[in-house]
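[1] need a 3D model of the following:
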Amino acid sequence: MAEPRKKPHAQAAIAEAISRDTQEHRQERLIRRPEVEARTGLSRSTLYDWMKRGEFPQPVKLGARLVAWRESDVTEWLESRETRAA
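    As a prediction, the model looks like this:
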């Protein structure tokens, strides 16, 4: 039996819902250095030293003197540290 055709407005509503869901997943929360320090327990100098050595995620440059880290990068880094410690 053939599946009934959806009405055009129903198709548009479904497409919009899928698009909105996809956009929400693409949005990434950015966190500033004080929050990174609080979450990791690292000092500012240690963060920048480890970034230089490739041991900590690089921040996203938001302006001439403004950076932030992707929350997911910091979370993944913390989880990898927990795995190594176990």
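
[2] C-alpha only now, for contacts and for neighbours.
    Will do.

[3] measure how buried residue 51 is and give me the count.
    The number of residues packed around residue 51, counting by other C-alpha atoms under 10 Å, is 14.

[4] and it, how far from residue 34?
    Look at residue 51 and residue 34: by C-alpha to C-alpha, to the nearest Å, they are 16 Å apart.

[5] with residue 50 instead?
    To residue 34, residue 50 is 16 Å away according to C-alpha to C-alpha.

[6] can you give me the helices in the protein?
    Assigned by DSSP state H, the helices in the chain fall at 8-26, 33-40, 44-52, 71-85.

[7] rank those helices by pLDDT, which is bottom?
    Between the helices of the chain, the one with the least mean pLDDT is helix 8-26; it has a mean of 62.

[8] ends of stretch 34-52, how far apart?
    By C-alpha to C-alpha, the extent of stretch 34-52 from end to end equals 19 Å.
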